[in-house]
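**Q** sequence first, predicted coordinates after that:
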Amino acid sequence: MDETIETIKVIRLSRFARLALTALLAFLVIAGAFEAEGASGAKKAKNAPKAESAPRPQFVTLDAERVSYDDETAKARAEGRAVMTYGSTVVRADRIDYDAVTQDVVALPLPGGVVEMQAEGRTLTSDRLEYNLETREAVAGNSKSNFPTGLGRLYVRGGELRVLPYDTALSRGLIRPSAKAKAGEDPLPESIGIVRDAIVTTCALDHPHYRLEAKRMTIYPGRRVVARTPRLYLGDAYIFTYPLDYVVLIDREALQRPITPYIQYGETRGLIVGLSGVYGWDTGFLDLGVAYVSTAGMEWMASVYQNITNNLAVTAGVEYTWDEAWDETRYRPRVSLLYNFSDWQASVNWTWGEYISVRQDTHHIYKGHLERKPEFVLFSPWFKDPAFPRSWYRLRTLWGEYQEQTPTFSNDSISRYGAILYHYTEVPVTQSATLFMNSSYETWFYDRDGFDQQLVNSFLGLRWRLGPVQFGTGYERRYAWGTSPMLWDALADLERFHQQVRIPLGKELFLTVQGSYDVTTELLYEVDYTLQWLTDCLGWEIVYHNDRTELEENKIALRMSLRAFPSTPLAFGEYRFGDPFARPGVPK
């Protein structure tokens, strides 16, 4: 045996009986260990290497209302609020049986109750638990487990759950090692779990609002959960079956995107019905999306992200989409190299036929194609201002070769380089009001004589609350000097007011209205309406965008999000209006 059980602590007995029982069990356990080791190790004695030091033994502690021990069978039984402690593992049940020779533990609950096992910050409940302290293998019936993920918890429920050491599962062919594990670059987990007839969700309810069901699910604690071709349900309604294994990367704050359908309608593009999602693995993910557009037919996209080293990654993808300016559908490939070091981010980007839409001021929107040939970007982390504790700075530098094209204009490649200095500060005014300033300074230079451009952007806002109603009031100002030889980055002065109000319509229902007013033209140029239904795990949103300048189409969309992963990005082709009152990702 790898670990020797020295004693079993029994409480709620007399002191003499407890000492006598402890001594007897310790003697029998150690004697059994020596006997087993002597039988199995006699043949190895001559060639066995000399041990450096004996491992420190761990203790089994039984605590219950009644504890009994049979010295002939070396078995103990704890009944009535039984608790077994072994190292960092704790088992709670109505009855716990322990065999000091085989090291088997069997835990049973009261009728209708559960057995609970806690280890390494994770919790497992079941209607029966069998666990061997020596092999560290366990079998649980009707199991339930949960562990932290994102900003919530991931709940896994199923029929039979088998827990076994990683090496044991590997030797039995139950799992396959990752490429990084084969190369010795990825530390291996101590154990894994395999669940039959499993359900996974971030909803804590017995009848979750959504769930994935799979015949088999593999749990790598603290890392990922792999569901084999699961089925997606919303409530009791079956939606579809995933064509591939679905991977939840537990240690990521943002789920890259669950595969879910969405619906959107716009005046120009008509009805859009799409399906978008991700297939992930330890070192990357594959992002896929497909949509039917009533005015343009089928559109799709695919991109892959892959870590090369701990700091270096590559991403490549292609979109096949329609754009309004040319009234055509075409391929738009892109490739990027990404490097991260101590929260600094660098990238080299190539794009071909990229469709961009830039609102240069209230009444002018640029729509065209842009090629980056390539573009170099360096992003610093947010630095806290040492003189003001609630103020942060960030720097972004760029250099690139760009070629743009519109239906009426095309230019040769133009070189542009410059930098953007971001600044964010906030000051609590009262317990229910916070004043903030979000600003940036940009300077750009070009390889064309007589062209350069400087921009100052500032947003002064107030987040405040009146009872249960939340408000956002803001003033936006942009100053622009100089000019650009290109059209897509030529911006103009603007001055706007923004107002946002979020009204609770019930316990889980909220209405948000956001409007923007242009001071120069004296026009309320856009209004966004959002109706949210927020459960404990899911968020449903109906969004309506009303553009009153007639430069952009009015849109209405229905989307779903997982509240445990609020940073989940937009699905392919999905619309979501910007929130100028949101914090820009600075540390809290």
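**A** Looks like it came in fine.

**Q** how far off centre is stretch 66-80?
**A** 46 Å (C-alpha atoms, centre = their mean, to the nearest Å).

**Q** okay, buried residues for it please.
**A** For stretch 66-80, the neighbour count (16 or more other C-beta atoms under 10 Å) marks 67, 69, 74-79 as buried. In short, each C-beta sits where N, CA and C put it, glycine included.

**Q** check stretch 197-209 too.
**A** 198-203, 208-209.

**Q** pLDDT weak spots in this structure?
**A** 1-58, 120-121, 149-151, 177-188, 222, 249-260, 282, 562-576 (pLDDT under 70).

**Q** pop the domain breakdown of it in here.
**A** Domains of the chain are assigned by automatic domain parsing as 143-251, 254-562.

**Q** any chance of the ones you listed in a markdown table, plus distance to A93?
**A** Shown next, in a markdown table, are these (distance: least, C-beta to C-beta, whole Å):
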| stretch | distance to A93 |
| --- | --- |
| domain 143-251 | 14 |
| domain 254-562 | 28 |
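
**Q** returning to that earlier point: and which of the buried residues of stretch 197-209 is nearest V543?
**A** H209 (19.8 Å; C-beta to C-beta).

**Q** the closest residue to the closest one other than its chain neighbours: how many residues sit nearby?
**A** In this structure, H209 finds its nearest non-sequential neighbour in L538, 4.7 Å apart by C-beta to C-beta, 6 or more residues apart in numbering. L538: 20 surrounding residues under other C-beta atoms under 10 Å.

**Q** tell me how far L538 lies from Y366.
**A** When distance is defined by C-beta to C-beta, to the nearest Å, L538 is 37 Å away from Y366.

**Q** how long is stretch 316-331 from one end to the other?
**A** Distance across stretch 316-331, first residue to last, is 13 Å (C-alpha to C-alpha, to the nearest Å).

**Q** that stretch: which residues count as buried?
**A** 317-319, 321-323.

**Q** quick one: the helices in the stretch 151-300 of the chain?
**A** 166-171, 179-182 (DSSP state H, counting those that start in this stretch).

**Q** list the helices and strands the first one packs on?
**A** Read that as helix 166-171. Secondary-structure packing of helix 166-171 (3 or more C-beta pairs under 8 Å, 6 or more residues apart in numbering; DSSP states H and E): strand 191-201.

**Q** neighbouring contacts of the strand it packs on?
**A** Strand 191-201 is contacted by residues 136, 143, 145, 154-166, 169, 174-175, 208, 210-221, 225, 227, 230, 248, 537 when judged by C-beta atoms under 8 Å, 6 or more residues apart in numbering.

**Q** show me the contacts for A313.
**A** 284, 305-307, 337-340.

**Q** what residues are up against the closest residue to L161 other than its chain neighbours?
**A** Using C-beta to C-beta, 6+ apart and skipping the chain neighbours, the partner closest in space to L161 is S143 (3.7 Å). By C-beta under 8 Å, 6+ apart, the residues touching S143 are 124-126, 156-161, 195.

**Q** before we move on, what about T218?
**A** 174-175, 192-195, 225-226.

**Q** by neighbour count, which of the residues you listed wins?
**A** V195 (26 neighbours).

**Q** mind listing which of the contacts of S143 are in strands?
**A** Using DSSP state E, 124-126, 156-157, 161, 195 are the members of these that sit in strands.

**Q** elements contacting the helix or strand hosting Q405?
**A** Per DSSP states H and E, Q405 falls inside strand 391-406. Contact here means 3+ C-beta pairs under 8 Å, 6+ apart; on that basis strand 391-406 packs against strand 364-379, strand 383-384, strand 414-430.

**Q** correct me if wrong: Y424 contacts D385.
**A** No: contact criterion C-beta atoms under 8 Å: Y424 and D385 do not qualify, at 9.9 Å.

**Q** shared neighbours of the two, anything?
**A** Contacts common to Y424 and D385, judged by C-beta under 8 Å, 6+ apart, are 391-392.

**Q** looking at the two, which is more packed in?
**A** Y424 (21 against 13).

**Q** farthest pair within the ones in strands among the contacts of S143?
**A** T125 and V195 (13.1 Å).

**Q** now the strands: where do they sit in the stretch 251-400 of the chain?
**A** Applying DSSP state E, counting those that start in this stretch to the stretch 251-400 of the chain gives strands spanning 260-266, 270-281, 284-293, 297-307, 312-323, 328-341, 344-361, 364-379, 383-384, 391-406.

**Q** that should have said the stretch 51-200 of the chain, apologies.
**A** Using DSSP E, counting those that start in this stretch, strands in the stretch 51-200 of the chain cover 60-63, 66-70, 75-86, 89-99, 104-108, 115-119, 122-126, 128-132, 138-141, 144-149, 152-157, 161-165, 191-201.

**Q** which parts of stretch 388-397 are buried?
**A** 391-394, 396.

**Q** which single one of those is nearest to G506?
**A** For the buried residues of stretch 388-397, the residue nearest G506 by C-beta to C-beta is W392; the value is 36.6 Å.

**Q** let me see the contact set for that closest one.
**A** By C-beta under 8 Å, 6+ apart, the neighbours of W392 are 382-385, 423-425, 586-587.

**Q** W322 now?
**A** W322 makes contact with 269, 293, 295-297, 299, 328-329, according to C-beta under 8 Å, 6+ apart.

**Q** before we move on, back to that, now which of the contacts of A313 would you call buried?
**A** 284, 305, 307, 337-338.

**Q** take those residues and write them to TSV, including distance to Q454.
**A** Listed next are these as TSV, based on distance: C-beta to C-beta, whole Å:
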residue	distance to Q454
G284	39
Y305	35
N307	38
L337	30
L338	29
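
**Q** quick check: the farthest pair among these?
**A** The widest separation within the buried ones among the contacts of A313 (C-beta to C-beta) is 13.8 Å, between G284 and L337.

**Q** most neighbours out of the contacts of W392, which is it?
**A** Going by other C-beta under 10 Å, Y424 tops those with 21 neighbours.

**Q** dump the residue contacts of that residue.
**A** 382, 391-392, 436-439, 583-584, 586.

**Q** cool, and W540?
**A** W540 sits next to 532-534, 558-560 when contact means C-beta under 8 Å, 6+ apart.

**Q** again, only this time at 6 Å
**A** Contacts of W540 were listed using C-beta atoms under 6 Å, 6 or more residues apart in numbering, and they are 533, 560.

**Q** now swap in E375 and tell me
**A** 349, 400.

**Q** now do the residue nearest to A346 when sequence neighbours are not counted against S347, distance only.
**A** In space, and not counting its chain neighbours, A346 is closest to Y339: 4.4 Å by C-beta to C-beta, 6+ apart. When distance is defined by C-beta to C-beta, Y339 is 7 Å away from S347.
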